[in-house]
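J.: Let me see the structure of the following:
(one chain, ligands or ions: 1)
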Amino acid sequence: MSQFQIAVVVGSLRKESFNRKLANAIVKLAPAEFSFKQIEIGDLPNYNQDDDANPSESVKRLKADINASQGLLFVTAEYNRSIPGVLKNAIDHASRPYGQNAWAGKPAGVLGVSVGAAGTAMAQQHLRNVLAYLDVPTLNQPEAFIHAKDGLFDASGDIGEGSKKFLQGWMDAYVAWVKKQAA
Ligand code: FNR
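T.: Presented below is the predicted three-dimensional model:
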């Protein structure tokens, strides 16, 4: 029985998204006491403050999924040196109405993969800035700026041999840190 339910937020809607593949693969490196649920952000309406008092079903679901979790895992693409709008939209939705920020206090891991050599470094820094404002503590080290290259995933979609040691180390640090935050 898992003790730690983690809400996974993927910052890309693309069907063949590297970040979704990374999210699917890295959770397999966690111990059995952790379970992960990817939360849907693609069907959220554009955030409009006028709707705060009357949120859509998809917004209610987003907040319920976050409330049910003991931690967060953001796996995001980088668009134009920042986070994709779809991710920011989801973050804004769950941060409101004022005083009902669902993200607050949930320990978060941040990682991402891109085709660029900098491996989403800028997007991750922007995301950390937003999360700091929302009172979300983030795992600082190790950082994970992953470059999408042949062999990152094996034929089964698991992390390939060349990256396994590093990403296992990342997951071990994340698991230890979430437990420490919960203690
Ligand atoms: C990109 N891409 C990109 N890559 C990067 O390393 N830094 C960047 O600033 C950008 N900017 C950017 C903007 C837009 C609008 C698109 C569509 C793409 C390329 C990006 O890394 C690549 O498309 C990844 O495959 C996106 O991640 P997913 O969808 O595979 O998870």
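J.: what residue is smack in the middle of the chain?
T.: A centroid search over the chain (CA atoms, centre = their mean) returns residue 74, at 1.2 Å, as the residue closest to the centre.
J.: hmm, who's touching stretch 52-64?
T.: If you take CB atoms under 8 Å, 6 or more residues apart in numbering as the criterion, stretch 52-64 is touched by 39-41, 43-45, 51, 90, 93-94, 96-98, 102. All C-beta spots, glycine's among them, are computed from the backbone N, C-alpha and C.
J.: As a check, name the ranges of all strands in the chain.
T.: Along the chain, counting by DSSP state E, strands occupy 4-11, 34-38, 71-76, 108-114, 145-147.
J.: May I see the ones you listed arranged in a markdown table, with distance to residue 171 and mean pLDDT as well?
T.: Shown next, in a markdown table, are the strands of the chain (distance: least, CB to CB, whole Å; pLDDT from 0 to 100):
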| stretch | distance to residue 171 | mean pLDDT |
| --- | --- | --- |
| strand 4-11 | 11 | 98 |
| strand 34-38 | 9 | 98 |
| strand 71-76 | 10 | 98 |
| strand 108-114 | 9 | 98 |
| strand 145-147 | 13 | 97 |
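J.: can you tell which of these is closest to the ligand?
T.: Proximity to the ligand (CB to the nearest ligand atom) singles out strand 108-114 among the strands of the chain, at 3.3 Å.
J.: Now do that closest one against strand 71-76, angle only.
T.: In terms of direction (axes from the mean of the first three to the mean of the last three CA atoms, to 10 degrees), strand 108-114 departs from strand 71-76 by 20 degrees.
J.: just how off-centre is strand 108-114 within its chain?
T.: Relative to the mean C-alpha coordinate of its chain, strand 108-114 is positioned 7 Å out (CA atoms, centre = their mean, to the nearest Å).
J.: which helices and strands sit right next to the longest helix anywhere in the chain?
T.: Taking DSSP state H as the criterion, the chain has its longest helix at helix 161-182. Under the contact criterion of 3 or more CB pairs under 8 Å, 6 or more residues apart in numbering; DSSP states H and E, helix 161-182 touches strand 4-11, helix 18-26, strand 71-76, strand 108-114.
J.: Could you check which residue of this structure lies nearest the ligand?
T.: Counting by CB to the nearest ligand atom, the chain gets nearest the ligand through residue 116, at 2.6 Å.
J.: check contacts around that residue.
T.: For residue 116, the contact set (CB under 8 Å, 6+ apart) comprises 78, 147.
J.: Let's have the helices and strands packed on helix 161-182 in a markdown table, adding distance to residue 134.
T.: What follows is these, written out as a markdown table (distance: least, CB to CB, whole Å):
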| stretch | distance to residue 134 |
| --- | --- |
| strand 4-11 | 13 |
| helix 18-26 | 20 |
| strand 71-76 | 10 |
| strand 108-114 | 9 |
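J.: which of these is buried the deepest?
T.: strand 71-76 (a mean of 26; mean count of other CB atoms under 10 Å).
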